[in-house]
Each structure stands twice: as C-alpha cells, then as structure tokens.
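Peer 1: Following is a predicted model, sequence given first.
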Amino acid sequence: MPPQKTTAIVIRTRDYGEADRIVTVLSPEAGRLTLVALNARKSQRRFRNCLEPLSLVRLTYTEKPHRDLGRLDTCELIEAHADLRRNLHRLGAAACLAELAGEIIGAQDKLTDIFRALETALSLLSQGVPPDSILCSFLIRLLVLAGYGPRWQRCQVCGRPPSGALWLNVNEGTVICQSCRPSNDGRLYPLSFGTWKLMVLAQSLPPAKLSRLRFPALAARQTLALARGFIRQILGRELKSFEFLNKIGKGEGRG
C-alpha cells in the first residue's frame, strides 16, 4: 500500500528488538495505529524528539497487508506538551485520557471527535487548568463520544430528573433517585446532586468549554470512582494509568 500521512497523538511506545520501537498513535482519520519505527533507538536524527507519549505529531506510515503492524516512515513534532511532564498530576490525568481514547476508539464517524477531544484536553492540561476537573470532564466526554455514555439525565425507574441524592448503577450506566433506590443493593454508587449536575454538563458542553467546569474535591472523588467502575465494566479491566495516579498520591503535583 502507498504511504499515508496523518496528524496523530502518540499514546505509548515500547522497545522492540535491538534497535526498533513500537509506537501506538491515535489518528483522526485512521483511529488507533500500531507502527514499528525501524532503528529508532539508534538513529537520533530520523525520529528526533517526536516519539514521546502525549506528543502531537505529523507522520507518514505504510500499512502492511494482512499485518497488524505497519511501518512508521517519517515523523515530525508539532507539539511536545512538555509542561505536562513538569507536573505529575497533570501527567497522570493526560495519561489516563490518552489510554482511554486509545482503548475505546471504534466507530468511524466519531474518530475525529474523539481525537479532537483528547487534543483539547492535553492542551488545557498543558496550560495549567486544574487536572482533576479536566480528567473528570473529559473521561465522561470520551465515554459519551464512544457510545458508552451512561444515561444519567433521568431516574432509570421513575423517569424523572433527580432533585436530590441519587445513585449510579455502573453495570447499566443509569441513575436511580433516592425514592426508587432498592435497599441493600451493593452495585449502586452514591452520587451527590451537585456531582450529578457536573457530570451531565460534561456530556453536553462543547469540548473547548469543558475547561469552565470545576469539580470540587467530593465531586472529583465521586466522578473518578464512578468512571473507573464504568470503564472496568466496559473493558473488563482497569486502565493502567489509574495505577500511576494512585502512586502519585492525593497531594503531590496538583499545582
């Protein structure tokens, strides 16, 4: 096949053999691509500074028929997002969003939207917007764009918008108001009304305006717990990047 050109975000890399590197990127045209960068670990000139995870790049690649692994031919750095690497919590939030985007990419009609949402989130994190708020807002937005958006606007049982304390059924992606909540149901997560309103806004606001949302400590804890549970339900496992966030600790690198 002839070489293809695309803008992409580097999701992750790993060493391959003695000199090569496997690069996974997210493209608005082709979705997730896994490419081999031949001799990348020996040649400092060919792929200089452009294979760091979370970087925005412009690349040329060649797909191999009947193979999952294509070849990375050229790569040019557009934006390194270097500021992300100066703050561990911003880096952790960016890594979680990039990993989720790479895992849920699927429907062709949403490729560009998912890519642009991730691109916007990385840019906002680089600018210093509070990482907890960006992580919560864009986790929800990515799930919605991928078709996994939980149905949060109304109570699953009575069909009315919640007006007070409510509960989230992670298995079904729905909310249940206090009046309809069954007793002793361990599958339900508690959710404050304020958190619910923020999560609903995160589904509907344009990505560029998600930076206006601020998740207080309680809302951030509840949203992340619910998102993690829902993602585990979808993927059948935890995002690896959440382990990195756990190691950082609550107080470190939140500036």
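Peer 2: Done, it's in.

Peer 1: Could you list the buried residues of whichever helix in the chain runs longest?
Peer 2: Ranked by residue count, the top helix of the chain under DSSP state H comes out as helix 217-235. Within helix 217-235, the residues scored as buried using 16 or more other CB atoms under 10 Å are 219, 220, 222, 223, 224, 226, 227, 228, 229, 230, 231, 234. (C-beta placed from N, C-alpha, C; glycine too.)

Peer 1: just checking, next helix/strand downstream of that helix?
Peer 2: helix 240-248 (DSSP states H and E).

Peer 1: What's the mean pLDDT across that next one?
Peer 2: Averaged over helix 240-248, pLDDT sits at 88.

Peer 1: same question, stretch 159-177
Peer 2: 87.

Peer 1: and residue 12, what is it in contact with?
Peer 2: Residue 12 is in contact with 23, 24, 53, 98, 99, 102, counting by CB atoms under 8 Å, 6 or more residues apart in numbering.

Peer 1: In contact with the third one, which residues?
Peer 2: Spelled out, that is residue 53. 10, 11, 12, 13, 95, 98.

Peer 1: Which members of those occur in strands, if any?
Peer 2: 10, 11, 12, 13 (DSSP state E).

Peer 1: mind putting these in JSON lines, pLDDT and distance to residue 127 included?
Peer 2: Putting these into JSON lines (pLDDT from 0 to 100; distance: CB to CB, whole Å) gives the following:
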{"residue": "10", "pLDDT": "97", "distance to residue 127": "20"}
{"residue": "11", "pLDDT": "95", "distance to residue 127": "21"}
{"residue": "12", "pLDDT": "93", "distance to residue 127": "23"}
{"residue": "13", "pLDDT": "93", "distance to residue 127": "25"}
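
Peer 1: of those residues, closest to residue 112?
Peer 2: residue 11 (16.5 Å; CB to CB).

Peer 1: Next up, the contacts around the closest one.
Peer 2: 24, 25, 26, 32, 53, 98, 99, 101, 102.
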